[in-house]
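# coords below, sequence missing:
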DNA sequence: GAAAAAACGGAAAGAGTCCCTCCGTATTGG
DNA sequence: CCAATACGGAGGGACTCTTTCCGTTTTTTC
C-alpha cells in the first residue's frame, strides 16, 4: 500500500534540477533544445537525465501535459467572465501569453510534440471550448459572425509566431499585434472573410505534417 | 566585347533545369531543402548543381534577388493606387501572397537567407516603402494612427506563418486571417496599441538571431 | 564505519544529415 | 574522330543529437 521505496536524496534533488533546467531551456529554445543542454544547465550528466526519463519524449510529456491542462482552465475561466467579448479577448490574450513566455510550449501546441498521445488529446480538447467562447461573443453581436472556431487557433498561432520571432527583444511587441487582431475580430467585419474556414481535421492534418516533414 | 564563349548545349539545358527544380523545391520546402533534392528533381547529379553554382548560397541568391526586387515593384505600384487604404490593403495582400506561394521566399524574408549581402540589402530597402504606404493611409484617416511601419513586416510575418503552416491544404485559408488583420488595421482602433513598436534595428536583430541561433 | 545498493558523470557509440569534391565516363562541337 | 567540356553519383568530412556503457562516487543500511 505504501510506496515501496523512498527515493535516494540525491536522486530526488537531481530530478528536480533536471525538470527545472528542462523547463527553462525548452522555454528559451523550444523543443529543439538538446538533452545534453538540459543536463549541462541542470549541472548533471546526460545519463542522469536518461535515468529520470526514458527518452526525450517522456521528458517533454512530463513537462507539458500539466501546462496544457492549464490552458483548459484558462478557457473555463473565460467562460465564466460575464461580458462575452471580454471573455474572448482574454482567452486570446492568455493563450498567446502562455506561448510567448515559453517557446517550447508554442512548439507543443503547434506540432503536437512528436505526436505524444496525452498531449495531442489535451490539445484537441481545447477546440470545443474555443467554440463556446467564440459562439457566445458572436451571439451577443460582439464578434464578427463570419469567424469560425478553427480561425482562433490559427490567429493565435500567427500572434505566437511574432512572439517567437521577437522573443529576445526587450518589449513584448506581440501585444500590439494581438490588439490589431482582436479589433479585426470585432463585429461588424468590414472585409468579408471569403473562402471556407479550416475544418478541425484540416488543422490536425497540418500539425501532423509538421513533424514527419521536419526533423 | 562579345561573350567569350557560348555555353555548351547540355550545360545550358541543365542550368535551366537546376534553376527550375530549385525554385520548385525551395517553394515547397523552404531553404532547408537540400541540394541533393534539387539535383534529383532536376534529373541531374549533385555535381552538376555545384558546377552551376559554387555553393548553396549562390543558388539561393540567384533565385531570390530577383524575386525580392519584385516586392519593391509591388510596393511602388501600390503607391500609385489612388485610394490610400486600397493601396495599403493591396500591399499587405500581395506580399503575403508571395510568401504563401513560396516557402523559400518566406524564409528569405524572415531570415535574410544566411545573411547574403544583396538579399539583406534588398529586403531592407522595403521598409521605407512600407513607411510611405502606411503613412499615406494614416494621413487620410484610413489606417489607425497608432500603427508603426515596423508593425507591417511583423503582421505580414504573422499571416505568412499561417500560410506556411497550412500550405498543403486545399484552401488558402490565410486570406481569411489577412482580412481580419486588415480590419484591425483600420481607423479608429478600438483597442489601443500600448507599448512601444519595434525599431527597425530591433527587427534586424531578430532576423539575425535567426540564423546563427538555428542551424 | 564498512559493505551493499543506488546513482552519478562523461566519453563515445550509433544514427542521421547535409555540403561539397573527386574521378572515371559520356556528350558535344569543330 | 578527337579534344574540350560537362556529367553522375559515390563518398569524404564535418557536424548534430540521442542514447548507452561502465568505472567512480554518494547514499543508505546494518
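All right, it came through fine. Because the structure is a prediction, the values reported are computed rather than measured. Numbers count the residues shown, from 1 in each chain, chains lettered A, B, ... in the order given.

# the helix ranked longest in chain A near DNA strand C at all?
Ordering each helix of chain A by length in residues (DSSP state H) puts helix A:56-79 first. No: with CB under 7 Å from any atom of the strand as the criterion, DNA strand C is not reached by helix A:56-79; the gap is at least 11.9 Å. From N, CA and C alone the C-beta is placed, and that goes for glycine too.

# how about that helix: buried residues?
Neighbour counts over helix A:56-79 (16 or more other CB atoms under 10 Å in any protein chain shown) mark A:56, A:59-65, A:67-68, A:71, A:74-75, A:78 as buried.

# identify, from those, the entry nearest to DNA strand C.
Here the nearest of the buried residues of helix A:56-79 to DNA strand C, counting by CB to the nearest atom of the strand, is residue A:56; it sits at 11.9 Å.

# you'd agree residue A:140 is up against residue A:86?
No: if you go by CB atoms under 8 Å, residue A:140 and residue A:86 don't touch, sitting 10.5 Å apart.

# the helix or strand bottoming out on mean pLDDT in chain A: how far from the chain's middle?
Lowest on mean pLDDT, DSSP states H and E among the helices and strands of chain A sits helix A:200-213, with a mean of 80. Helix A:200-213 sits 15 Å away from the centroid of its parent chain (CA atoms, centre = their mean, to the nearest Å).

# report all helices and strands that it contacts.
Using 3 or more CB pairs under 8 Å, 6 or more residues apart in numbering or on different chains; DSSP states H and E as the contact test, the elements touching helix A:200-213 are helix A:103-111.

# quick one: residues in contact with the helix or strand immediately after the helix it packs on in the chain.
For helix A:103-111, the following helix or strand on the C-terminal side (DSSP states H and E) is helix A:117-124. Helix A:117-124 is contacted from outside by A:60-61, A:64-65, A:68-69, A:71-72, A:108-109, A:112-113, A:204, using CB atoms under 8 Å, 6 or more residues apart in numbering or on different chains.

# residue A:81 sits in which helix or strand?
With DSSP H and E as criterion, residue A:81 is part of no helix or strand.

# dump the residue contacts of it.
A:87, A:90 are the contacts of residue A:81 under CB under 8 Å, 6+ apart.

# okay, now residue A:162: neighbour count?
26 (other CB atoms under 10 Å in any protein chain shown).

# ok, it - contacts?
So residue A:162 contacts A:173-174, A:177, B:154-155, B:157-158 (CB under 8 Å, 6+ apart).

# secondary structure class for it?
Reduced to three states with DSSP: H, G, I helix; E, B strand; the rest coil, the structure at residue A:162 is helix.

# who's the closest spatial neighbour of it, skipping the chain neighbours?
If the residues on either side of it in the chain are set aside, residue A:162 comes closest to residue A:174, at 4.6 Å by CB to CB, 6 or more residues apart in numbering or on different chains.

# wait, the one you found sits on residue A:163?
Yes: judged on CB under 8 Å, residue A:174 makes contact with residue A:163 at a distance of 4.1 Å.

# before we move on, what SS does residue A:148 have?
Secondary structure, three-state DSSP: residue A:148 is coil.

# which residues are in contact with it?
By CB under 8 Å, 6+ apart, the neighbours of residue A:148 are A:197-198.
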